[in-house]
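**Q** 3D model of this:
(2 chains)
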Amino acid sequence: MNKDKQSLALQPGGLRSFRKNPWAACCLILLGVFYAGALLADLVSPYSYQNEDRNYSYCPPMTIHVLDEQGRLTRPFVYGVTITFDEYHKRTYAINPEEKYPLKFWVQGDSYQFLGLIPASRHLFGVDAPGRLMLWGADARGRDLFSRIVYGGRVSLSIGLLGVAISFSIGLLVGGIAGYYGGRIDDILMRICEMFMMIPGFYLLLALRAMVPADFNSVQVYFSIVVILSFIGWASLARIIRGMCLSIREREFVLAAKVMGLSDFRIIVRHILPHTLSYSIIAIMLSIPGYILAESALSLIGLGIQDPYASWGNLLSEAMGIIQINFSPWILLPGFFIFLAVMCFNVIGDTLRDCLDPHFRVDDTM
Amino acid sequence: MALVDIQNLTIDANPGQGCKTIVNHVSFAVPEQNITALVGGSGSGKTTTGLAIMRLLSPGLRVVSGRIYFEGQDLLSLPKEALRGYRGKQMAMVFQEPLYAFNPVFRIGSQIEEVLQFHTGLTKGRRQERVEELLRQVEIRDPGRVAQSYPYQLSGGLRQRAMLAQAIAASPKLVIADEPTSNLDVTVQARILMLFKKLRDELGLTVLIITHDLGLVRSLADHIVVLCSGEVVEGGPVGEVLQHPRHSYTQQLLEAAK
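**A** Residues are numbered from 1 along each chain as shown, chains lettered A, B, ... in the order given. I've put the predicted structure just below:
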């Protein structure tokens, strides 16, 4: 009887397949960590995304030491660094054994609004000034890369969810209307979809981005990117949903709903679209990576999120020159995070498909 | 007084291209607070006639002539928006297999409630009470459990009762029942038929029952209309028609039912 309490789409089998598949479970946990980090970015990162110190330009990642010079175990600390210029006027950073900055939890630092509400200035970890903790190195302007990756996750990870939410609402609705009514409405809507699908995605992306006023602030740019991305993504979904609705509308419960005098909109939303859910959930999970990558691509070529704001794509745009990659390879790290996030969504999407969509289940018989 | 009056109804399939007449100049009346049986073999156009009253013919079918009056109002000339006030609120339909007529992903209770929400101004709390009341009205002993169940979890008989509860939710005057008992075993059949009689007496319901089962007609219906290949061959009070069938088709049906 306990089984009856659960919705049909997510039978216990759905969750069991995550437990049976440690790979998918790891991805789920990793994504959870990413999203938690992005949500609590102010707290987790030792510095704010725009806290810069030009003296630390391209400072390499610092090692956290637990042994002092005599080889005794002490509390974790980092050494201060001294900057020297070599014969080619390139900065080189050397450890200064005189300066030791113990790693502290709950340190005083840049002030921020916790969750946008509560003024705070404590950070989860860090070192006391004048020391500086560059866990994963610094960028050209001497900003802590770890902090910027954490902040960048806010943009990169949320843009996928928001974009998918918008484009799937449009796609489901358009597909539902086209499939339910059929006939001329179907023809018109599907031709519009095809127009969107005809234009290569990236060109459409650039063209739409060109229409956004240049004087938009970062929040406006962020939302215009979300809208642009979802504008491109809805058409293919609408086509598939339309096909499913064409067959679902012939089922008798749709006739029964009509007999009861329910409105067309209600029949589409309440009675037809829920039957496309198992497909939609999978499609959503598998299309989020596309949004993350598209935002990264836009930001990489400088059309997305603008400095000083961080996204994984625009952090990566610093790594476009061979010299920077050669001398400071750590600035490639944001790319690794894009890869991780995309991979996690794909693995979770595949696992969900295995458990939600019996047609794709082939390994059960073995 | 007739609640529904059908005059000269003709329905064609695929008008234009190889047109076939499904219902041919059919006229009959459904008297108020009575149970009228529409009888005929497979393909005689009885279900099509039922759907035509609801104005829910499938796209390939079209009414080419005739009138359907509901309380004096011609349904065929009504605009689409006005029809919605009739469907569910004035007339409802019960299907042969309620397993398919209920949406499989929602609980029975919420589907009955949806009809109430759409047609009545009741608050959520009142709606839930009304759902239980309706389920009790169709003689379901544990309405709480049934309301919480998904369609596939109930037996055929329970499902048909729940379907009936949904049909009478917004207190319609007419219920069209399309072979409501064909998929049930004989004992359950008898009880569902008693239920129709009870609802007719208690709620003043008018029932148009579409069936091929003359035994059912004899024990349940007040009036009978016999359809054969889309044409009315005989009609009148049940006793009269079944005692002295004039048309050979009715006689054949009676022979077959023996």
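**Q** what are the ranges of the strands in the stretch 51-200 of chain A?
**A** With strands called from DSSP state E, counting those that start in this stretch, the stretch 51-200 of chain A shows them at A:65-67, A:73-85, A:91-102, A:104-114, A:118-126.
**Q** Show the average pLDDT along the second one.
**A** When pLDDT is averaged along strand A:73-85, the result is 85.
**Q** list the helices and strands it packs on?
**A** Other elements packing on strand A:73-85 under the criterion 3 or more CB pairs under 8 Å, 6 or more residues apart in numbering or on different chains; DSSP states H and E are strand A:65-67, strand A:91-102. For every residue, glycine as well, the C-beta is placed using N, CA and C.
**Q** repeat for the fourth one
**A** Here strand A:104-114 is seen to pack against helix A:41-44, strand A:118-126 when contacts are counted using 3+ CB pairs under 8 Å, 6+ apart.
**Q** Can you name the residues in contact with the first one?
**A** This points to helix A:41-44. The contact list for helix A:41-44 (CB atoms under 8 Å, 6 or more residues apart in numbering or on different chains) reads A:37, A:48, A:112-114, A:120, A:122-124, A:150-151, A:153-154.
**Q** does B:Ser229 really touch B:Ser44, like I thought?
**A** Yes. Taking CB atoms under 8 Å as the definition, B:Ser229 is a contact partner of B:Ser44 at 6.1 Å.
**Q** The helices and strands packed on strand A:104-114 into CSV, with extra columns for distance to A:Ile240 and mean pLDDT?
**A** Below are the helices and strands packed on strand A:104-114 laid out as CSV (distance: least, CB to CB, whole Å; pLDDT from 0 to 100):
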stretch, distance to A:Ile240, mean pLDDT
helix A:41-44, 36, 87
strand A:118-126, 44, 85
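**Q** which SS state does A:Val254 fall under?
**A** On the three-state scheme (DSSP: H, G, I helix; E, B strand; the rest coil), A:Val254 is labelled helix.
**Q** can I get the helices and strands packed on strand A:104-114 in JSON lines with mean neighbour count?
**A** Formatted as JSON lines, the helices and strands packed on strand A:104-114 follow (neighbours: other CB atoms under 10 Å in any protein chain shown):
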{"stretch": "helix A:41-44", "mean neighbour count": "20"}
{"stretch": "strand A:118-126", "mean neighbour count": "15"}
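**Q** what would the ones you listed look like in TSV with distance to A:Arg91?
**A** Shown next, in TSV, are the helices and strands packed on strand A:104-114 (distance: least, CB to CB, whole Å):
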stretch	distance to A:Arg91
helix A:41-44	28
strand A:118-126	23
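**Q** Indicate which one of these is closest to B:Leu205.
**A** B:Leu205 lies closest to strand A:118-126 among those, at 62.5 Å (CB to CB).
**Q** Partner strands of the closest one and their direction?
**A** strand A:104-114 (antiparallel) (DSSP bridges).
**Q** still on that earlier bit, out of the contacts of helix A:41-44, which two sit at the greatest distance?
**A** A:Arg122 and A:Gly153 (20.3 Å).
**Q** Nearest to chain B: which residue in the stretch 151-300 of chain A?
**A** Here the stretch 151-300 of chain A gets closest to chain B at one residue, A:Gly261, 3.2 Å apart by CB to the nearest CB.
**Q** related to what we said a few turns ago, quick one: which of B:Ser229 and B:Ser44 has more around it?
**A** Neighbour comparison, B:Ser229 and B:Ser44: the larger count goes to B:Ser44, with 22 against 15 (by other CB atoms under 10 Å in any protein chain shown).
**Q** Now that one: closest residue in space that isn't a chain neighbour?
**A** Using CB to CB, 6 or more residues apart in numbering or on different chains and skipping residues adjacent in sequence, the residue nearest B:Ser44 is B:Leu227, 4.4 Å away.
**Q** Please apply the same query to A:Ile241.
**A** In space, and not counting its chain neighbours, A:Ile241 is closest to A:Gly175: 2.8 Å by CB to CB, 6+ apart.
**Q** OK, contacts around the one you found?
**A** Neighbours of A:Gly175 in contact, by CB under 8 Å, 6+ apart: A:Leu237, A:Ala238, A:Arg239, A:Ile240, A:Ile241, A:Arg242, A:Met244, A:Cys245, A:Thr276.
**Q** And it, how far from B:Ser77?
**A** 34 Å (CB to CB, to the nearest Å).
**Q** B:Gln148 too?
**A** Taken as CB to CB, the span from B:Gln148 to B:Ser77 is 43 Å.
**Q** Likewise for A:Ile348?
**A** Applying CB to CB to A:Ile348 and B:Ser77 gives a distance of 55 Å.
**Q** neighbour-wise, which of the two wins?
**A** Taking other CB under 10 Å, A:Ile348 and B:Ser77 do not tie; A:Ile348 has more neighbours (22 against 9).
**Q** Validate this expectation: the more buried one resides in a helix.
**A** Yes. A:Ile348 forms part of a helix when assessed by three-state DSSP.
**Q** which one's the longest helix in chain B?
**A** Secondary structure of chain B per DSSP state H: the longest helix is helix B:186-203.
**Q** Distance from the chain centre to that helix, please.
**A** 14 Å (CA atoms, centre = their mean, to the nearest Å).
**Q** next helix or strand past it?
**A** Once the chain leaves helix B:186-203, the next helix or strand it forms, by DSSP states H and E, is strand B:206-211.
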